[in-house]
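*Asks:* Please find the sequence and the predicted model below.
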Amino acid sequence: MALRSLFLAAALVGASLSGCSRETADHATSEVDSAAHERAIRSNISDWLEQIRKRDAAVIAGHYTEDGVLMPPGAPASQGRSEIETAWREMMETPGFDLTFEPTAIVVSSAGDMAIDRGTYRFTSTGPDGQITDTGKYLVVWQNVDGTWKAMADMFNSDGQQPAT
């Protein structure tokens, strides 16, 4: 069921973003202020990073839609705020946990109801042999819920070497 929902969400995002525009409302062909939406998403991201520093998994989970999904590498997907909160809490309990991420592009749909945010992350922790650092990329699908941007799908993976198969 979750996989079906994910495929449906991907199809909806594809259809919604097919007319994406970075134009602002002052352009004659656009009624959506994409720049204002992008600023709102970037503000949300800044708050999210602050909550990571504070280790507040409950507030972080609130950045997701009610049925949002977190898809970390090497782990099952967490769907819904309760599972997402648990996943974030467990990640942040990792010894030496530190995470930063930064968008490289935010594209808002022409309707202003969906957006994609792709970027890079840097994760550090402490392992048995010392500090571990991982860098990678992420993709977040945002949904405008009653004027507030919420993550409906959050996926990331490492730029590091994958295990041999």
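*Replies:* Looks like it came in fine.
*Asks:* Report pLDDT for residue 16.
*Replies:* Residue 16 carries a pLDDT value of 41.
*Asks:* now the one 3 residues further on
*Replies:* Looking at residue 19, its pLDDT is 42.
*Asks:* quick one: low-confidence ranges for this protein?
*Replies:* 1-31, 161-165 (pLDDT under 70).
*Asks:* pretty sure residue 122 contacts residue 134?
*Replies:* Yes: between residue 122 and residue 134 there is a contact at 7.5 Å, judged by CB atoms under 8 Å. Using the backbone N, CA and C atoms, a C-beta is placed for each residue, glycine as well.
*Asks:* From the neighbour counts alone, determine which of the two ranks first.
*Replies:* The neighbour comparison of residue 122 against residue 134 (other CB atoms under 10 Å) goes to residue 134, with 16 against 13.
*Asks:* what are the bridge partners for that one, then?
*Replies:* Counting by DSSP bridges, residue 134 is bridged to residue 123.
*Asks:* Tell me how far it lies from residue 159.
*Replies:* 8 Å (CB to CB, to the nearest Å).
*Asks:* Then residue 61?
*Replies:* From residue 61 over to residue 159 (counting by CB to CB), the distance is 26 Å.
*Asks:* Can you pick out the residue with more neighbours from the two?
*Replies:* Counting neighbours by other CB under 10 Å for residue 61 and for residue 159 shows that residue 61 has the greater number, 23 against 10.
*Asks:* Contact partners for that one?
*Replies:* Applying CB atoms under 8 Å, 6 or more residues apart in numbering, we find residue 61 in contact with 81, 82, 84, 85, 88.
*Asks:* Could I get those in JSON lines, plus columns for neighbour count?
*Replies:* Shown next, in JSON lines, are the contacts of residue 61 (neighbours: other CB atoms under 10 Å):
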{"residue": "81", "neighbour count": "20"}
{"residue": "82", "neighbour count": "11"}
{"residue": "84", "neighbour count": "24"}
{"residue": "85", "neighbour count": "20"}
{"residue": "88", "neighbour count": "25"}
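*Asks:* Many thanks, have a good one.
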